[in-house]
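[1] with the input below, show me the fold.
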Amino acid sequence: MKKVIIIGATSGIGEEIAKIYIAQGWQVGVAGRREEALTALAATAPAQVKTQVIDVTCADAPEQLKSLIEKLGGMDLFLLSSGIGSQNVKLEPEIELNTARTNVEGFIRMVTTAYRFFKEQGSGHLAVISSVAGTKGLGPAPAYSATKRFQNTYIDALAQLARMERLSIQFTDIRPGFVATALLKNRKYPLLMRADSTAQHIVKALTNKKRVAIIDTRYAILVFFWQLIPRWVWERLPIRNDKS
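    Purely as a prediction, here's the structure:
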């Protein structure tokens, strides 16, 4: 029976993805900071779900991930769904640094632990949820867009490293657009997607083992044109700063 571990499964996209894999009969390891949410999810399928409280910003997060892998009896697919982001036009240092602690430091802790496990196992599928925000620097959210670009590049580097080391590890970088989750504290965003439908797109991309998956088609078109915009034009675009 296939085994998946999802980091960041206590709400939003991660939780919806976990529900899909449970329905498909997978053995599912779920992790996050909120123990009560993990317990509630496990109660829906006690025979399939194992839980572990993990805060990716803590130094012991890798050991907690190893513990969850052991509870589950292995891991075929690893999905990192935890991340934070905020608009921060005032550049308040703590907001920027907290974003980096989760999206960079926490990301490194989890991804490198999963990579080493798959290297020792001999195979595996390592996937992360980044964002289309990594395509260009977004003025209202500097740390968020920069850390997402970091994640894109880090997965590119790991994919090359795996080939250099002749490892049978597959990678998927999932780049959703704006999704209606707690991460967006208001709903005044364009092309807002639902978490459940986004999760379905993501699971399909993982099943097909896509290397990069932009979710959904509308955002794939948008990102295509974003990439064509010269830097001097992008820097002058009247991007809206929604402070509400």
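[2] what are the ranges of the strands in this structure?
    3-7, 27-32, 49-53, 77-80, 123-129, 168-176, 212-215 (DSSP state E).
[3] show me what the fifth one is packed against.
    With contacts taken as 3 or more Cβ pairs under 8 Å, 6 or more residues apart in numbering; DSSP states H and E, strand 123-129 sits against strand 77-80, helix 107-121, helix 142-164, strand 168-176, helix 195-207. No exception for glycine: its C-beta is placed from N, CA and C like everyone else's.
[4] give me that answer again for 10 Å
    strand 3-7, helix 12-23, strand 77-80, helix 107-121, helix 142-164, strand 168-176, helix 195-207, strand 212-215 (3 or more Cβ pairs under 10 Å, 6 or more residues apart in numbering; DSSP states H and E).
[5] in its sheet, what does that strand sit against?
    Under the criterion DSSP bridges, strand 123-129 sits next to strand 77-80 (parallel), strand 168-176 (parallel) in its sheet.
[6] give the buried residues for that strand.
    124-129 (16 or more other Cβ atoms under 10 Å).
[7] OK, contacts around the residue most central in space within the chain?
    Centroid-nearest residue in the chain: Ile129, 2.5 Å away (criterion: Cα atoms, centre = their mean). By Cβ atoms under 10 Å, 6 or more residues apart in numbering, Ile129 lies in contact with 6-8, 12-14, 17, 79-83, 148, 151, 172-176, 179, 198, 202, 213, 215.
[8] how does it look with 6 Å?
    Contacts here follow Cβ atoms under 6 Å, 6 or more residues apart in numbering; on that basis Ile129 touches 81, 174.
[9] for the closest residue to Ala37 other than its chain neighbours, give me phi and psi.
    Excluding the flanking residues, the one nearest Ala37 by Cβ to Cβ, 6 or more residues apart in numbering is Thr10, at 3.8 Å. Torsion angles at Thr10 (phi, psi; degrees, to the nearest 10) stand at phi -90, psi -10.
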